[in-house]
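Enquirer: Need a 3D model of the following:
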Amino acid sequence: MSGIGHAERHFIGSNLSDIILGGQDGLVNVLGLVLGVAGGTNSTSIVLIAGLAATFAETISMGAVAYTSSKADKEYYMKQLELERDEIKRIPEVEENEIRGIYHKKGFRGNLLNKVVNKITSNRKVWLNTMMTEELGLSSSPKINPLRNGMIVFISTLIGSIIPLVPFVLLSVQNAIITSLLLSVLVLFLVGVVKARLTVGSWFRSGFELSLIGTLAALSGYFIGLGLGNLFGTNVAAVG
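Expert: Residues are numbered from 1 along each chain as shown. The predicted model follows:
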């Protein structure tokens, strides 16, 4: 990670869950689809058309879901913030007792507990933030940006979805199948390594775990597709 600057590490770290969510979802879903389609046809164009259709559908869907869910999280936070602010204003005694109860559970007693409660309740902003974090378990200063989150997931999903398709542009269908699978496994492994470097844990275990989960999910989609194709007598090769 020495080649990545502080700003880049901070950006990746703060958006890691969105990046992995979009990238892994796009890669795994499209990989499973193209493997299933490729298993039933020797037509590169059919594989690419199916893969690109899935790519755009998945990318738009994931970006939209990330935007709406982030927006809902932000609206929920703001609603709870307003409720707590109103309660501190209307029933300060109740809210002060809640602060006392919270820190009593943490082990504070007697004069020390009184000092902590008095200190927190002497500042409305600190009081409000404490109620949000300690009582409701919500961040005291959420930096939720629905549009940014949606764009990060959108771009990550797009990049992840394109990776399994690259071999089918360069190679024959039969050669591209194994190449696409190996390339996807490698990318998932590297993403897991980066995740471990930015968080905690063994880089090998993280890489192996992410690549294994992604591969099993993709192969599950592949075999389910083949099974349904055999069940309904569908032959992709007959398309066109």
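
Enquirer: okay, and the helix or strand of the protein with the least pLDDT?
Expert: One helix or strand of the chain scores below all others by mean pLDDT, DSSP states H and E: helix 6-14, with a mean of 50.

Enquirer: what's near enough to touch residue 62?
Expert: Residues in contact with residue 62 (CB atoms under 8 Å, 6 or more residues apart in numbering) are 21-22, 25-26, 153-154, 157. The way it works is simple: take the backbone N, C-alpha and C, and place the C-beta from them, glycine included.

Enquirer: rerun at 6 Å
Expert: Contact analysis of residue 62 by CB atoms under 6 Å, 6 or more residues apart in numbering lists 22, 25, 153, 157.

Enquirer: Quickly note the distance from residue 81 to residue 211.
Expert: Remark: distance between residue 81 and residue 211 (CB to CB, to the nearest Å) = 41 Å.

Enquirer: ok, now residue 119?
Expert: Taking CB to CB as the measure, residue 119 and residue 211 are separated by 50 Å.

Enquirer: Likewise for residue 200?
Expert: Residue 200 is 19 Å from residue 211, by CB to CB.

Enquirer: swap in residue 196?
Expert: 12 Å.

Enquirer: what's the span of stretch 130-145, first residue to last?
Expert: End-to-end distance for stretch 130-145, by CA to CA, to the nearest Å: 23 Å.

Enquirer: Run the chain-centre distance for it.
Expert: How far stretch 130-145 lies from its chain's middle: 20 Å, per CA atoms, centre = their mean, to the nearest Å.

Enquirer: what are the C-alpha coordinates of stretch 105-116, in CSV please?
Expert: What follows is stretch 105-116, C-alpha atoms only, in CSV (Å, rounded to 0.1, in the frame of the first residue of the first chain):
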residue,chain,number,x,y,z
LYS,A,105,-24.4,1.1,33.8
LYS,A,106,-20.9,2.0,32.8
GLY,A,107,-19.8,1.8,36.4
PHE,A,108,-19.9,5.4,37.5
ARG,A,109,-21.1,6.0,41.0
GLY,A,110,-21.6,8.8,43.6
ASN,A,111,-19.8,12.1,43.1
LEU,A,112,-18.0,11.0,40.0
LEU,A,113,-21.3,10.1,38.4
ASN,A,114,-22.8,13.5,39.3
LYS,A,115,-19.8,15.3,37.9
VAL,A,116,-20.1,13.4,34.6
